[in-house]
Every structure is written in C-alpha cells, then in structure tokens.
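In: below are the sequence and a predicted model for it; my questions follow.
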Amino acid sequence: MCCVCVQLTATTGEPAVEWATREFAEKLGIADLFLFDDVPAGGVSSGGGQLMTCRDLARVGSLLVQGGKWADASGKEFQLLSKDYVRQQLSPSYPDVNAVRRRFETRAVSSSSFSWSCCTRLDLC
C-alpha cells in the first residue's frame, strides 16, 4: 500500500479508499472513482489509473479551473481542494523539459508535479 494510504488510514482510522470515496469522489459526483483500483488493504492508487468517463474527467477539469471549489447538491459552494494544491497540480515539475525535447525533435509535453501530462504542440501529438 502507498505511503499516502498508510498515513491516511492512520490519521482517519478507516481504510483510505472509504475516506477518499466519501470526502472526494462522492462530493465530486464520481462515487465509483476508486472502484477498480485493486489496491490491497483498502488503499487507493495515488499514481493514477482510475477509470473515468469523459463526463467524470470534465468534472475534475472543472474543479481545477474553479480553483478547487465545488458546489454541493443544493448549489452551496465549498473548497474541495486547497488553492495551493490546485496551483501545484497545474505547475510544471520540469519547466525546461520542452527546450530539451525541441533540441532532439521529440514530442513536446508539459508534465505537472502530480503526473498530469498534456501535449503542448498539437502538430507533434
């Protein structure tokens, strides 16, 4: 089980998957987000691999665009992710990576600190 899962379980007193589902996935409207993680002892995959529909992914994108704010069923807005976490999510972990890749004429990508990757040159994707 990942270090984050061990810490989360120790802090909350419940399996990480239960806490993450209740405190994040259900609030975001993706209750089955961690259903297929297949991590032992109630853990969640912190490295990605969750199966999402386009609508689910749009929810995550919307959450990031809104600076971590989300609205509950009644429309009341709340902070689901901290602004600092969102800033880190959207910041490149290696900002100079494209200069190196351009030098060798490889695909230009931008990778965030949390393993998000997106192609920054559509002609090379």
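Out: Cool, the structure landed.

In: which stretches of this protein have low pLDDT?
Out: 1-2, 46-47, 93-125 (pLDDT under 70).

In: please tell me how far Ala25 sits from Trp70.
Out: From Ala25 across to Trp70, the span is 12 Å (CB to CB, to the nearest Å). Heads up, the C-betas are built off the backbone N, CA and C, glycines and all.

In: next: Gly61.
Out: Gly61 is 12 Å from Trp70, by CB to CB.

In: neighbour count: these two, which is higher?
Out: Trp70 (18 against 10; other CB atoms under 10 Å).

In: tell me the SS of the more buried one?
Out: Of the three states, Trp70 takes strand under DSSP: H, G, I helix; E, B strand; the rest coil.

In: my guess is it meets Leu64, correct?
Out: No. If you go by CB atoms under 8 Å, Trp70 and Leu64 don't touch, sitting 10.7 Å apart.

In: so which helix or strand takes in Trp19?
Out: If you go by DSSP states H and E, Trp19 is part of helix 16-20.

In: mind listing what's buried along stretch 34-46?
Out: For stretch 34-46, a neighbour-count test (16 or more other CB atoms under 10 Å) marks 34, 37, 39, 42-44, 46 as buried.
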